[in-house]
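[1] with the sequence up front, the predicted model follows.
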Amino acid sequence: MRIHNLFEDEAGVSHFRDVELRWEDVRGASELTRKYPAAGIIMRETTKDYDAGRHPAPRRQYIINLDAGVNITAGDGETRYIGPGEAVMVEDPEGKGEISKFVGDAMRHSTVLAVE
């Protein structure tokens, strides 16, 4: 399973990379990864007015889009569309940050998992 990862380099510039999660258990028709630590869960609803300018992430966190996507532009200029059902691990709380913009016309629902 592939997820997006937004991380910052030593100069505080954010970049994307792909992370491949490994399956560690099989239970019937399901494959599971290992259990990852989390400090809390936030449910989020975002309207079409969402345009978060350049900002660092408030913490290390997974963002999982449930029903709509978002465009995220890293500090190096690469823009990725994170679609419905996709996850991004955001790890740039100290640097220059990223730009997040709403895509489409429908309300976006997402789940944020804060990482310990």
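    It's in.

[2] switch to C-alpha atoms for all contacts and neighbour counts from now on
    OK.

[3] farthest residue from the center of the protein?
    Distance from the centre of the chain peaks at residue 28, with 28.8 Å (C-alpha atoms, centre = their mean).

[4] Provide the strand pairings for the helix or strand of the chain with the lowest mean pLDDT, with the direction of each partner.
    Ranked by mean pLDDT, DSSP states H and E, the weakest helix or strand in the chain is strand 51-55, scoring a mean of 88. When sheet partners are counted by DSSP bridges, strand 51-55 sits next to strand 98-102 (antiparallel).

[5] buried residues in the partner strand?
    Neighbour-count burial for strand 98-102 flags 98-102 (criterion: 16 or more other C-alpha atoms under 10 Å).

[6] could you pull up the mean pLDDT of it?
    Strand 98-102 carries an average pLDDT of 93.

[7] any chance you could list what contacts the helix or strand just after that strand?
    Proceeding N to C from strand 98-102, the next assigned helix or strand is strand 108-114, under DSSP states H and E. The contact list for strand 108-114, computed with C-alpha atoms under 8 Å, 6 or more residues apart in numbering, reads 38-47, 59-69.
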